[in-house]
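In: Sequence plus the predicted model coming up.
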Amino acid sequence: MEKTLYLVRHGETLFNAQHKIQGWCDSPLTERGVHQAKMAGEYFKWQGTSFDQAFSSTLERTSDTLELITSQAYTRLKGLKEWNFGQLEGESEKLNPSLPYRDFFVEYGGEEEKEFQKRTVDTCNELMRQKGGTILAVTHGAFCGQFRKFWDDYSEPEYRIYGQSIGIGNCCIFKYEYREKRFSLCEIINHEEQLRRMKG
């Protein structure tokens with residue numbers, strides 16, 4: 001059975017605006033982040049998209065985003081949490097190495113890249129075992145990036161990474177088709193600019 005997963009990054013947060021490293025630590029949505037989440041909700045309404053089930057990570061910035069996208073009941077999952085950046089949580093983004101990060105954060109008590117990527121894949125596979133054909137999951141930027149990287153070879157050609165790093169805007173929407181236990185990225189709605197254009 002073919003299913004659809006909408007993977008959405010949370011709206012802009014205070015730490016995003018302050019350019020601070022934000023993984024397992026949390027900060028509230030900014031006014032702009034609230035607006036982004038509402039626009040994502042408007043996009044789904046405009047598309048006539050309804051969700052059989054909805055999920056967010058256990059971090060407040062994702063649950064707040066989801067509640068602005070839809071009023072339906074949802075489940076919070078630890079598996080949808082962001083990369084754990086260890087002792088660098090809450091510090092300046094200037095301390096980040098150049099992409100790709102690989103296992104840079106391990107020496108600071110954070111997660112290994114492959115371990116984190118496996119968590120993204122295992123969690124989304126578990127979501128596809130739930131009832132219903134259309135699933136919404138609100139998660140985080142690195143989560144979306146690592147998941148996309150893993151399934152790159154199965155995605156539509158225009159959405160493949162080809163080994164290049166990409167920016168993932170707040171409330172960016174990734175639409176995946178799921179069939180034969182594989183995910184294929186078939187559409188990206190890179191918030192604000194595209195949503196405005198689609199609404200005319």
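Out: Looks like it came in fine.
In: Could you pull out the strands in this protein for me?
Out: 3-9, 53-57, 75-77, 134-139, 173-179, 182-189 (DSSP state E).
In: Make TSV out of the ones you listed and add distance to G41.
Out: C-beta: built from backbone N, CA, C; applies to glycine. Shown next, in TSV, are the strands of the chain (distance: least, C-beta to C-beta, whole Å):
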stretch	distance to G41
strand 3-9	10
strand 53-57	12
strand 75-77	18
strand 134-139	10
strand 173-179	11
strand 182-189	12
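In: Pick the most buried one from these.
Out: strand 134-139 (a mean of 25; mean count of other C-beta atoms under 10 Å).
In: Dump that strand to PDB, keeping only the CA atoms.
Out: These are the backbone C-alpha positions of strand 134-139, laid out as PDB (Å, rounded to 0.1, in the frame of the first residue of the first chain):
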ATOM      1  CA  THR A 134      -1.300  10.300   5.100                       C
ATOM      2  CA  ILE A 135       1.000  11.100   8.000                       C
ATOM      3  CA  LEU A 136       2.200  14.500   9.300                       C
ATOM      4  CA  ALA A 137       5.400  14.600  11.300                       C
ATOM      5  CA  VAL A 138       6.800  17.900  12.600                       C
ATOM      6  CA  THR A 139      10.500  17.600  13.400                       C
END
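In: How about residues contacting that strand?
Out: Contact with strand 134-139 is made by 3-10, 49-57, 62-63, 65-66, 69-70, 74, 80-82, 124, 127-128, as judged by C-beta atoms under 8 Å, 6 or more residues apart in numbering.
In: Now do that strand against strand 53-57: the angle between them, please.
Out: If you take axes from the mean of the first three to the mean of the last three C-alpha atoms, to 10 degrees, strand 134-139 sits at 10 degrees to strand 53-57.
In: Report the angle between strand 134-139 and strand 173-179.
Out: 130 degrees.
In: got the angle for strand 134-139 vs strand 3-9?
Out: Going by the same axes, to 10 degrees, strand 134-139 makes 20 degrees with strand 3-9.
In: returning to what we had before: for the strands of the chain, which has the smallest mean pLDDT value?
Out: Across the strands of the chain, strand 182-189 has the smallest mean pLDDT, namely a mean of 92.
In: Strand 3-9 and that one, what's the angle between them?
Out: 50 degrees.
In: my guess is C171 meets K38, correct?
Out: No: the criterion here is C-beta atoms under 8 Å, and C171 misses it with K38 at 9.3 Å.
In: neighbour count winner among those two?
Out: A direct count of neighbours by other C-beta atoms under 10 Å for C171 and K38 places C171 higher, at 29 against 15.
In: how far away is the more buried one from D122?
Out: According to C-beta to C-beta, to the nearest Å, C171 and D122 sit 24 Å apart.
In: ok, now M128?
Out: Distance from M128 to D122, by C-beta to C-beta: 11 Å.
In: Which one's more surrounded, these two?
Out: Comparing M128 with D122 by neighbour count (other C-beta under 10 Å), the higher total belongs to M128, at 18 against 10.
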